[in-house]
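K.L.:
Here is my input, please return the structure:
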Amino acid sequence: MTRLPTTLAASCWLGFCGGICLPSILALPQIADRFPEAVKALSESVGVDGSMPMLPLSSLIVSLALCVALLVGIVVIHRKPFRRQVVGEIILGVAFLVLVALAIASALTGMRFGPFEQPESPVITAFFVTFGALLFDHLIVEPEEGEEDAESFAESVSLIAGAMAKQTRLYTPARRSERPVRTSRPELRLVTPHSRS
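P.N.:
Have a look, this model is predicted:
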């Protein structure tokens, strides 16, 4: 399995964000019939009837979006051709940068941003390990043998086919219906005195 370090790092962050969101998601059906308490739980990050504190609505949405981005990135980095894997790297890189920004904002303000609430040093260490894994896989993993040759061959065939079609259009005689219609010119007659008589 290629890109194992990146996959493990992204899976850990996916589990972290999903674990943060899970209690709030499971508690929503229980308090759905009590709309004022549900609004208070989502807006003030409190629990209902002694349950676990719920995430604010904004943090819940951001955490769920990060879960989706991480899951999509994990799937795409294992797809072929190699260009799709590069797209997966970009998706995961952006998701990791968003996590870093949320952690920094939470550490500076002391408020909850996304899945973080005053992150501690283990979170910083996890970020270093994550970006190290992403960089390691980016430098180590290369396109499989024959993959680039197959792509270049397909591009060459398409170019040759296009050139042949163009030449065929240029040198193929037009059909009778497509030929321009010649308009008959009026016949010029030379009028002499003898012809008048």
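
K.L.:
Now do the helix or strand hosting L159, average pLDDT.
P.N.:
Under the criterion of DSSP states H and E, L159 resides in helix 147-171. On average, the pLDDT along helix 147-171 is 66.

K.L.:
again with stretch 121-137
P.N.:
89.

K.L.:
To what extent is D137 buried, counted in neighbours?
P.N.:
Residues within reach of D137, counting by other Cβ atoms under 10 Å, total 20. For the C-beta atoms, the positions are set from N, CA and C on the backbone; glycine is no exception.

K.L.:
Any stretches of this protein with poor pLDDT?
P.N.:
Residue ranges of the chain with pLDDT under 70: 1, 28-55, 144-154, 156, 167, 169-197.

K.L.:
Which stretches in this protein count as helices?
P.N.:
Taking DSSP state H as the criterion, the chain contains helices spanning 4-27, 35-44, 57-76, 82-109, 121-140, 147-171, 193-196.

K.L.:
Which strands or helices does the first one pack on?
P.N.:
Going back to what we said before, that points to helix 4-27. helix 57-76, helix 82-109, helix 121-140 (3 or more Cβ pairs under 8 Å, 6 or more residues apart in numbering; DSSP states H and E).

K.L.:
wait, which of these is closest to A161?
P.N.:
helix 82-109 (22.3 Å; Cβ to Cβ).

K.L.:
about what we covered before: and the helices of the chain as JSON lines, adding distance to P115?
P.N.:
Rendered in JSON lines, the data for the helices of the chain read as follows (distance: least, Cβ to Cβ, whole Å):
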{"stretch": "helix 4-27", "distance to P115": "4"}
{"stretch": "helix 35-44", "distance to P115": "16"}
{"stretch": "helix 57-76", "distance to P115": "5"}
{"stretch": "helix 82-109", "distance to P115": "7"}
{"stretch": "helix 121-140", "distance to P115": "10"}
{"stretch": "helix 147-171", "distance to P115": "37"}
{"stretch": "helix 193-196", "distance to P115": "106"}
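
K.L.:
As JSON lines, the helices and strands packed on helix 4-27 with distance to W13 would be great.
P.N.:
What follows is these, written out as JSON lines (distance: least, Cβ to Cβ, whole Å):
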{"stretch": "helix 57-76", "distance to W13": "6"}
{"stretch": "helix 82-109", "distance to W13": "7"}
{"stretch": "helix 121-140", "distance to W13": "7"}
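
K.L.:
Dump stretch 92-109 to PDB, keeping only the CA atoms.
P.N.:
Output in PDB follows, covering the C-alpha atoms of stretch 92-109 (Å, rounded to 0.1, in the frame of the first residue of the first chain):
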ATOM      1  CA  LEU A  92      -5.000  16.700   2.400                       C
ATOM      2  CA  GLY A  93      -2.400  19.600   2.500                       C
ATOM      3  CA  VAL A  94      -5.200  22.200   2.600                       C
ATOM      4  CA  ALA A  95      -7.100  20.300   5.300                       C
ATOM      5  CA  PHE A  96      -4.000  20.100   7.400                       C
ATOM      6  CA  LEU A  97      -3.300  23.800   7.000                       C
ATOM      7  CA  VAL A  98      -6.900  24.500   8.100                       C
ATOM      8  CA  LEU A  99      -6.300  22.400  11.200                       C
ATOM      9  CA  VAL A 100      -3.200  24.300  12.000                       C
ATOM     10  CA  ALA A 101      -4.900  27.600  11.500                       C
ATOM     11  CA  LEU A 102      -7.800  26.600  13.800                       C
ATOM     12  CA  ALA A 103      -5.300  25.300  16.500                       C
ATOM     13  CA  ILE A 104      -3.400  28.600  16.400                       C
ATOM     14  CA  ALA A 105      -6.500  30.600  16.600                       C
ATOM     15  CA  SER A 106      -7.800  28.500  19.600                       C
ATOM     16  CA  ALA A 107      -4.400  28.800  21.400                       C
ATOM     17  CA  LEU A 108      -4.300  32.600  20.900                       C
ATOM     18  CA  THR A 109      -7.800  33.400  21.900                       C
END
